[in-house]
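Asks: take a look and give me a structure for this.
(chains A and B)
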Amino acid sequence: MDEFKLKVLELLKEDARRTPDLIATMLGVDVEAVRRAIKEMEANHIIVKYATVVNWSKVDDEKVTALIEVQITPERGRGFDAIAERIYLHPEVKSVYLMSGAYDLLVEVEGKNLKEVASFVSSKLSPIESVLSTKTHFILKKYKQDGIIFEDHIEDYRMHISP
Amino acid sequence: MIHSKPLNPETVRETGSMQRFLNPLVRSLKPSGIRKYFDLASGNKEIISLGVGEPDFVTPWHVREAAVASLERGRTTYTPNSGLPELREAIAAYLHNEFDVTYEPKNEILVTIGGSEAIDLALRSFISPGDEILVPEPCYIAYSPIAALSGGKPVGIETFAKDNFKLKPEALRAKLTPRSKVLVLCYPSNPTGGIMTYEDWLPIAKIVEEHDLVVIADEMYAELTYGSKHVSFASIPGMKDRTILVGGFSKAFAMTGWRLGYACGHPELIAAMLKIHQYTVMCAPVMSQIAACEALTRGLEVKDRMVESYNQRRRLVVKGLREIGLECHEPQGAFYVFPSIASTGLSSDEFCERLLLEGKVAAVAGHVFGLGGEGFIRCSYATSVTLLQEALERIDAFLRKLEAER
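Replies: Sure thing, here's the model as predicted:
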């Protein structure tokens, strides 16, 4: 990808609400060029979505999230993709990664409570024929996600005025 | 900046004031004009500050971690007076690669407590009472007071927005006298953001040579230039031997609180500075030196990202200030803009005080930076994009209010 588009992406990644105008100013380029680049990247699904990063632990509506290691036997001809699809189509599943190492898929599942996640694993995930084994790890606390630190401790220690 | 007239000692004694114990040179030293804004702004959470002279980045984690690890291992001792040999070697390699100047780590580099100490050492090493120190202004606030403490006579050389605050050879020539001895250069400039190119330096170098001046090149912001690479004065042919190059880690590596800088120059000049250094501070703190080693050997990429980020914010602020009606030259270095507020009819002091109290934005009045600073304000853009946008809106509202008053 060209460097210009990468810069636009980086600025949007920091803050998706930055306008093409602001981005054009910050990069010292024409606003039309920025609009075009964004349109193109949206069309190509390079920019997939503009979503909000939420610190759910601050919301009363509690959720639990688990990371599940899944071992599978790949399907003839379609490899891991077909099974991954059968898993990620479930709305409870928030992300699925194909991994190297001791297991094949890492599946992030969200539910209202432990029971709900456990029942998803036993009733939806494990019964899939090619799933050999699962190992469920519940997330206790999120410190950082997507490069964003969730703790509130980051302060500006600088003095208001210095030479 | 400096009152040259000392108080009459008799008068002072009559009042019983402790002032009588003070060295008249110290007594006549005025506190920095920045202080006033510090007092006005401190503790006020509503204020957005564009008055900060340091990066908004925290020192990169790998640098902090290197210092922590060295503390855990118990590296808490003195170091050689001129600094850890490995740090001096890293500085030499860095200066060679980045700015094309070559110094021998053994006797041409001195690690100091910030660039500030290096400036102090150099001025004290060179100045005898009565010597004249040429200082292009507006500039960083420390040179003239330190020069005056040594009995030197600071001579300001005014620079102008129409020249992008470059030092012009005619202006330098006009201030030369038989007592001219030291030329202090601060480019990229705090507070104006002005820079000097190779072509700009050449005629200055010629005058320096003709008049046998010694130069203190404070290049603290060397890493922060936008569009063209910084040209060190020491890299101009013939200038290296008569120039003390002052650099540091504060701005480029976001390490202000570590207080670490360096001076490079001819072995005879560095040896003189080293004498004062060893009697006054002995050596720079070892943990800071270890952190600096890490920054120089593995931190260059992080630094490039920070520079890119400053450049983005520079464009935003220059355009924003121009759009709300303040004339603003294009700063090409450091992280300051220096817009003119002359159109408001206020002095820079009045403007900044009212902007702070009524507009809730802190900036620094240009006059504190010496000649040519009146009518301008210094705004630092080392602050988040969101806050910069908010600050621009507040300044806009404040300008509209001033307009309505007229």
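Asks: okay, now the domains of the chain?
Replies: I'll assume chain A. As recorded under automatic domain parsing, the domains making up chain A are A:3-43, A:59-143.
Asks: meant chain B, my bad for not saying
Replies: If you go by automatic domain parsing, chain B breaks into B:16-58+B:302-405, B:61-299.
Asks: which residues sit against the strand or helix carrying B:E117?
Replies: Using DSSP states H and E, B:E117 maps to helix B:114-126. Contacts to helix B:114-126, defined as C-beta atoms under 8 Å, 6 or more residues apart in numbering or on different chains, come from residues B:110, B:112, B:133, B:142-143, B:146-147, B:150, B:152, B:181-182, B:184, B:214, B:216, B:218, B:220, B:244, B:246-248, B:250, B:259-263, B:269, B:272-273, B:276-277, B:281. Every residue, glycine included, has its C-beta placed from N, CA and C.
Asks: hang on, the earlier thing: how about the domains of chain A, which one is nearest B:P331?
Replies: When the domains of chain A are compared by C-beta to C-beta, domain A:3-43 sits nearest B:P331, at 13.6 Å.
Asks: please see if the closest one touches chain B.
Replies: Yes - using C-beta under 8 Å from any C-beta of the partner chain, domain A:3-43 reaches chain B at A:11, A:15, A:18, A:22, A:25-28.
Asks: just to revisit the earlier point, least confident of the domains of chain B, on average?
Replies: For the domains of chain B, mean pLDDT drops lowest on domain B:16-58+B:302-405, to a mean of 94.
Asks: now do the end-to-end distance for that one.
Replies: 48 Å (C-alpha to C-alpha, to the nearest Å).
Asks: do that domain and chain A come into contact?
Replies: Yes - applying C-beta under 8 Å from any C-beta, one finds domain B:16-58+B:302-405 touching chain A at B:32, B:34, B:37-38, B:41-42, B:44, B:47, B:49, B:51-54, B:56, B:312-313, B:315-316, B:319-320, B:362, B:364, B:385-386, B:389.
Asks: can you tell me which of these end up in helices?
Replies: B:34, B:37-38, B:41, B:312-313, B:315-316, B:319-320, B:385-386, B:389 (DSSP state H).
Asks: of all those, which comes closest to B:P331?
Replies: Distances from B:P331 to these, taken by C-beta to C-beta, are shortest for B:R315, at 10.5 Å.
Asks: what about the nearest residue to the closest one once chain neighbours are set aside, distance to A:K49?
Replies: Excluding its sequence neighbours, the residue lying closest to B:R315 (C-beta to C-beta, 6 or more residues apart in numbering or on different chains) is A:G28, at 5.0 Å. As judged by C-beta to C-beta, to the nearest Å, A:G28 and A:K49 stand 28 Å apart.
Asks: between the two, which one's more packed in?
Replies: Neighbour totals were compared for A:G28 and A:K49, and A:G28 leads with 15 against 7 (other C-beta atoms under 10 Å in any protein chain shown).
Asks: and B:G247, backbone torsions?
Replies: Main-chain torsions, B:G247, degrees, to the nearest 10: phi -140, psi -180.
Asks: bridged to it, which residues?
Replies: B:Y262 (DSSP bridges).
Asks: my guess is it contacts B:V101. True?
Replies: No - contact criterion C-beta atoms under 8 Å: B:G247 and B:V101 do not qualify, at 10.0 Å.
Asks: what's near enough to touch the most centrally placed residue in chain B?
Replies: Centroid-nearest residue in chain B, with C-alpha atoms, centre = their mean: B:Y140, separated by 4.6 Å. When contacts are counted by C-beta under 8 Å, 6+ apart, B:Y140 is found next to A:163, B:186, B:190-191, B:218, B:369.
Asks: could you pull up phi and psi at the closest residue to B:T197 other than its chain neighbours?
Replies: Nearest residue to B:T197, sequence neighbours excluded (C-beta to C-beta, 6+ apart): B:V231, at 6.1 Å. The phi/psi pair for B:V231 (degrees, to the nearest 10) reads phi -110, psi 120.
Asks: how about B:A205?
Replies: Note on B:A205: its backbone torsions stand at phi -60, psi -40 [degrees, to the nearest 10].
Asks: for B:D349, see how far away it is.
Replies: From B:A205 to B:D349 the distance is 36 Å (C-beta to C-beta).
Asks: quick check: residues of chain A near chain B?
Replies: Checking chain A against chain B by C-beta under 8 Å from any C-beta, the hits are A:11, A:15, A:18, A:22, A:25-28, A:156, A:158-163.
Asks: and the residues you listed, which is the shakiest by pLDDT?
Replies: Lowest confidence among the residues of chain A next to chain B: A:D156, with 84.
Asks: name the SS class of that residue, please.
Replies: Put simply, A:D156 is coil when judged by DSSP: H, G, I helix; E, B strand; the rest coil.
Asks: what's it in contact with, if anything?
Replies: A:D156 touches B:D56, counting by C-beta under 8 Å, 6+ apart.
Asks: helices of chain B, start to end?
Replies: B:9-14, B:24-27, B:34-41, B:61-72, B:85-99, B:114-126, B:143-149, B:169-174, B:198-210, B:267-280, B:286-298, B:300-323, B:348-359, B:385-405.
Asks: export those to a markdown table and tack on mean neighbour count and distance to A:K144?
Replies: Converted to a markdown table, these look like this (neighbours: other C-beta atoms under 10 Å in any protein chain shown; distance: least, C-beta to C-beta, whole Å):
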| stretch | mean neighbour count | distance to A:K144 |
| --- | --- | --- |
| helix B:9-14 | 12 | 61 |
| helix B:24-27 | 14 | 50 |
| helix B:34-41 | 18 | 32 |
| helix B:61-72 | 15 | 12 |
| helix B:85-99 | 18 | 31 |
| helix B:114-126 | 24 | 33 |
| helix B:143-149 | 23 | 44 |
| helix B:169-174 | 14 | 53 |
| helix B:198-210 | 16 | 45 |
| helix B:267-280 | 16 | 43 |
| helix B:286-298 | 22 | 22 |
| helix B:300-323 | 18 | 18 |
| helix B:348-359 | 19 | 36 |
| helix B:385-405 | 16 | 20 |
